[in-house]
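**Student:** Sequence plus the predicted model coming up.
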Amino acid sequence: MAKAADKHDATQENPKTDPKDVSNQIKDPDQWTTGGEPMTGAQASYLKTLSEEAKEPEAFDAEIDKAEASKRIDDLRHKAGHA
């Protein structure tokens, strides 16, 4: 019985375990608080690979921000057949 009570207490203490909490759902990149920061190394690498696979090398730009990189990655994933 104590284990059930402990589990219930953990749910109340950690809002991410609440199924009604939608705060960490996928958000539009334009709504990201860090979207204006430079893209990450992983984003740059993946974007470069996808732009080559999709035969759209102009889609890669080392100067774009995280939000724009995410949008281009999503677009190129579809074009390259990865979606």
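**Tutor:** Now that the structure is in, tell me what you want to look at.
**Student:** So which bits of the helix or strand that contains E52 are buried?
**Tutor:** In this assignment (DSSP states H and E), E52 forms part of helix 41-53. For helix 41-53, a neighbour-count test (16 or more other C-beta atoms under 10 Å) marks 43-44, 46-47, 50-51 as buried. Where you see a C-beta, it was placed from the backbone N, CA and C, and this is true even at glycine.
**Student:** Identify, from these, the entry nearest to D65.
**Tutor:** Within those, distances to D65 taken as C-beta to C-beta reach their minimum at Q43, with 9.7 Å.
**Student:** Near the closest residue to that closest one other than its chain neighbours, how many other residues are there?
**Tutor:** Nearest residue to Q43 in three dimensions, chain neighbours excluded: A69, at 4.3 Å (C-beta to C-beta, 6 or more residues apart in numbering). Per other C-beta atoms under 10 Å, the neighbour tally for A69 reads 23.
**Student:** who's in contact with A69?
**Tutor:** Going by C-beta atoms under 8 Å, 6 or more residues apart in numbering, A69 touches 39-40, 43-44, 47.
**Student:** Alpha carbons only: can I get the host helix or strand of it in CSV?
**Tutor:** Taking DSSP H and E as the criterion, the element that holds A69 is helix 66-79. The C-alpha trace of helix 66-79 is given here as CSV (Å, rounded to 0.1, in the frame of the first residue of the first chain):
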residue,chain,number,x,y,z
LYS,A,66,17.5,26.9,-34.7
ALA,A,67,13.9,27.6,-35.7
GLU,A,68,14.7,28.1,-39.4
ALA,A,69,17.0,25.0,-39.3
SER,A,70,14.1,22.9,-37.9
LYS,A,71,11.7,24.1,-40.6
ARG,A,72,14.2,23.3,-43.4
ILE,A,73,15.0,19.9,-41.9
ASP,A,74,11.3,19.0,-41.8
ASP,A,75,10.9,20.2,-45.4
LEU,A,76,13.9,18.3,-46.6
ARG,A,77,13.1,15.1,-44.7
HIS,A,78,9.9,14.9,-46.8
LYS,A,79,11.7,15.7,-50.1
